[in-house]
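A.B. asks: below are the sequence and a predicted model for it; my questions follow.
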Amino acid sequence: MFDFLKQVPLFEGLSNEDLMFLCGMISQLRIVKGEILFNEGDEGEEAYVIKEGQIQIYKTVAGREVHLALRGPGEVIGEVSLLEAVPRTASGRAQEDSLLFVITHEQLDRLLNASPSAAITMLHTVTARLKSSEQMLQQSERLAQLGMLTAGIAHEINNPVAAVQRASSQLNAAIDRLQKIQLKANLESIPEERWNELIGRVSAKDKQLAKEDVWDLARRGDLESEMADWLEGNGFTDAWDMAPELLRLRITVEELNQWKEKLNTRQFLVALEWLAANAEMNSIVEEIHIGAGRVADIVKALKSYVYLDQGPSQRVDVHEGLENTLVILHSKLGQGIKLRREYDPDLPEIEAYGSELNQVWTNIIANACEAMGESGELLLRTRQENGWVVVEIQDNGPGIPAEVQNNIFNPFFTTKPVGQGTGLGLSISYNIVQKHGGEIRVLSEPGQTCFQVFLPASQERK
């Protein structure tokens with residue numbers, strides 16, 4: 001053991017006497033391939049020096065393992081938790097049968113006090129590992145965020161796409177039906193004047209009246225019953241299918257009586273069939289138009305969200321960024337979360353890295369939604385204050401405990417259960433805001449949490 005430890009950089013500054021004393025106190029531990037050495041969240045009571053074998057260091061994030069490092073002979077592991085007296089931030093598992101030397105907290109303190117070179121080596125080791133772990137987890141965080149955004153976009157696009165597909169299949173049948181009715185109408189020789197009236201009624205449609213939502217649901221139900229009864233009394237076998245289509249054109253029973261007097265029975269029957277078929281087809285086309293428009297809006301929001309085809313720094317509309325983020329996160333808001341906006345109408349555009357700011361909004365809003373669960377209120381507020389543009393994101397979730405509020409922007413710190421977060425979302429957000437010359441604050445108490453982001457309104461402020 002003495003000869004081996006003498007070659008380990010952490011111990012090479014120790015005198016032979018101190019090293020011999022340490023060797024007399026250190027215990028050995030053998031573990032087999034696949035055995036867990038320690039778990040994320042465990043109390044860090046021991047550090048280890050690897051004599052033989054390899055130990056995989058990994059972190060579980062959203063149900064998947066993120067590989068951080070593979071440590072081999074001569075390397076020290078588990079020292080961060082021991083030094084800072086905090087739970088393990090990652091897990092360790094034997095990649096193969098391994099032999100480890102176990103160092104207790106007392107032994108490590110004695111080592112660092114006895115050897116300045118050991119303290120310096122430990123500092124460099126810890127710093128390098130934290131940096132390496134943060135880089136690995138930042139990549140994992142980006143992938144996790146990309147996965148969340150992809151899932152959200154897929155969910156948002158799926159509904160309008162499904163509506164377009166459904167309407168498209170219905171459109172073929174509607175066109176076929178209209179063509180057959182058109183042939184019947186031609187055979188009945190409806191007078192040109194009456195045809196012009198029918199065409200005009202379809203063209204006018206409900207362009208004006210539909211915007212004036214004059215018929216509430218109860219009134220519409222009464223009118224449908226009235227019209228269906230009238231149609232059945234006048235020989236229409238599909239009266240209950242035709243009634244809502246005719247009502248969509250805002251046709252009334254009084255109008256039907258007027259047309260009945262102007263056309264013979266056969267002409268009248270085919271004329272109403274033609275009107276109903278046109279109304280149905282127009283409704284289907286409108287559904288396709290709305291669905292395609294929704295998809296276009298989502299794609300536009302996504303493009304703006306990531307600022308495609310633009311330089312890294314540009315004039316940014318903060319409100320647009322918040323709204324695009326809400327589109328991306330719409331599925332996380334759920335049905336039970338009420339959204340309230342209090343935007344400053346005179347808020348100026350700022351010079352910023354738009355896609356990076358959107359990461360900040362995403363991290364904070366997603367955390368707020370998770371904190372509130374299935375119900376709550378999310379408030380987005382913007383204002384100007386002494387040359388700063390201020391964005392406040394507030395939720396009425398359980399709040400952040402006062403004793404941990406000073407730590408929430410630290411790398412790897414998370415209030416989420418083990419395995420549900422990297423502890424980097426707010427750290428990344430903090431760094432982005434700092435990069436913009438701004439400041440991020442949190443105000444939290446039971447029942448309310450508010451993140452305040454201060455951004456320079458002008459370049460001079462940076």
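C.D. replies: Noted; the coordinates are in hand.
A.B. asks: going forward, measure contacts between C-alpha atoms and count neighbours the same way
C.D. replies: Will do.
A.B. asks: what ranges do the helices span in the stretch 351-462 of the chain?
C.D. replies: Under the criterion DSSP state H, counting those that start in this stretch, the stretch 351-462 of the chain contains helices at 354-372, 425-435.
A.B. asks: okay but Val327 is in contact with Asp297, surely?
C.D. replies: No: between Val327 and Asp297 there is no contact under Cα atoms under 8 Å: 9.0 Å.
A.B. asks: more neighbours: which of these two?
C.D. replies: For Val327 versus Asp297, neighbours defined as other Cα atoms under 10 Å are more numerous around Val327 (20 against 15).
A.B. asks: isn't Ile190 right up against Arg266?
C.D. replies: No: the criterion here is Cα under 8 Å, and Ile190 misses it with Arg266 at 9.5 Å.
A.B. asks: out of these two, which sits in the busier spot?
C.D. replies: Neighbours were counted for Ile190 and for Arg266 using other Cα under 10 Å; Ile190 has more, 17 against 12.
A.B. asks: element containing the more buried one, please.
C.D. replies: Counting by DSSP states H and E, there is no helix or strand that carries Ile190.
A.B. asks: gap between it and Val253?
C.D. replies: Distance of Ile190 to Val253, computed by Cα to Cα, to the nearest Å: 21 Å.
A.B. asks: before we move on, what about Cys450?
C.D. replies: Cys450 sits 57 Å away from Val253 when distances are taken as Cα to Cα.
A.B. asks: ok, those two, which is more surrounded?
C.D. replies: Using other Cα under 10 Å, the more surrounded residue of Cys450 and Val253 is Cys450, with 22 against 16.
A.B. asks: any low-confidence regions in this protein?
C.D. replies: 9-14, 61-64, 82-86, 111-112, 114-156, 202-218, 301-312, 411-424, 459-462 (pLDDT under 70).
A.B. asks: residue nearest the centroid of the chain?
C.D. replies: Leu329 (3.8 Å; Cα atoms, centre = their mean).
A.B. asks: now that one. Its backbone dihedrals?
C.D. replies: phi -100, psi 10 (degrees, to the nearest 10).
A.B. asks: does Ile290 belong to a helix or a strand, and which?
C.D. replies: Per DSSP H and E: helix 265-306 holds Ile290.
A.B. asks: just checking, what packs against that helix?
C.D. replies: Packed against helix 265-306 by the contact rule (3 or more Cα pairs under 8 Å, 6 or more residues apart in numbering; DSSP states H and E) you find helix 116-187, helix 192-204, helix 239-248, helix 318-328, helix 354-372.
A.B. asks: so which bits of the following helix or strand past the shortest one are buried?
C.D. replies: Per DSSP H and E, the first helix or strand lying C-terminal to helix 239-248 is helix 253-262. Residues of helix 253-262 classed as buried by neighbour count (16 or more other Cα atoms under 10 Å): 253, 256, 259-260.
A.B. asks: from the residues you listed, which is closest to Gly92?
C.D. replies: Val253 (78.2 Å; Cα to Cα).
A.B. asks: give me every residue that touches that closest one.
C.D. replies: 226-227, 230 (Cα atoms under 8 Å, 6 or more residues apart in numbering).
A.B. asks: which residue is the nearest non-sequential neighbour of Glu96?
C.D. replies: Spatial nearest neighbour of Glu96, excluding adjacent residues (Cα to Cα, 6 or more residues apart in numbering): Lys33 at 4.0 Å.
A.B. asks: and Leu402, how close does it get to Thr89?
C.D. replies: Not Leu; residue 402 is Ala. Distance of Ala402 to Thr89, computed by Cα to Cα: 21 Å.
A.B. asks: same check on Pro244?
C.D. replies: 62 Å.
A.B. asks: which of the helices of the stretch 351-462 of the chain sits closest to Asp317?
C.D. replies: helix 354-372 (8.5 Å).
A.B. asks: list the contacts of the closest one.
C.D. replies: So helix 354-372 is contacted by 305-307, 312-314, 316, 321-322, 325, 329, 332-333, 337, 378, 393-399, 425-426, 428-429, 432-433, 451 (Cα under 8 Å, 6+ apart).
A.B. asks: which ChimeraX command selects the buried ones in the residues you listed?
C.D. replies: Buried residues within these, by 16+ other Cα under 10 Å, are selected in ChimeraX with:
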select :305,306,307,316,321,322,325,329,332,333,337,378,393,394,395,396,397,398,399,425,426,428,429,432,433,451
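A.B. asks: show the subsequent helix or strand relative to whichever strand or helix holds Glu17.
C.D. replies: Assigned by DSSP H and E, Glu17 belongs to helix 16-25. Using DSSP H and E, the helix or strand that directly follows helix 16-25 along the chain is strand 27-31.
A.B. asks: now do the buried residues in the next helix or strand after that following strand.
C.D. replies: Later in the chain than strand 27-31, the nearest helix or strand by DSSP H and E is strand 36-38. Counting neighbours by 16+ other Cα under 10 Å, one finds that the buried residues in strand 36-38 are 37-38.
A.B. asks: next SSE downstream of strand 36-38?
C.D. replies: strand 46-52.
A.B. asks: dump that following strand to CSV, restricted to CA.
C.D. replies: C-alpha atoms of strand 46-52 as CSV (Å, rounded to 0.1, in the frame of the first residue of the first chain):
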residue,chain,number,x,y,z
GLU,A,46,-16.0,8.4,2.8
ALA,A,47,-13.7,9.0,-0.2
TYR,A,48,-11.9,6.3,-2.1
VAL,A,49,-8.6,5.7,-3.8
ILE,A,50,-8.8,3.2,-6.7
LYS,A,51,-6.1,0.5,-6.4
GLU,A,52,-7.4,-1.9,-9.0
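A.B. asks: helices or strands next to it in the packing?
C.D. replies: Using 3+ Cα pairs under 8 Å, 6+ apart, strand 46-52 sits against strand 76-77, helix 79-84, strand 98-104.
A.B. asks: which residues touch Lys260?
C.D. replies: Contacts for Lys260 (Cα under 8 Å, 6+ apart) come out as Phe268.
A.B. asks: got it, and Val161?
C.D. replies: 291-292, 295.
A.B. asks: most neighbours of all these, which one?
C.D. replies: Most neighbours among the contacts of Val161, by other Cα under 10 Å: Gly291, with 21 neighbours.
A.B. asks: ignoring the adjacent residues along the chain, who's closest to that one?
C.D. replies: In this structure, Gly291 finds its nearest non-sequential neighbour in Pro160, 4.5 Å apart by Cα to Cα, 6+ apart.
A.B. asks: how far away is the one you found from Met281?
C.D. replies: Separation of Pro160 from Met281 (Cα to Cα): 18 Å.
A.B. asks: then Asp297?
C.D. replies: For Asp297, the distance to Met281 - Cα to Cα - is 24 Å.
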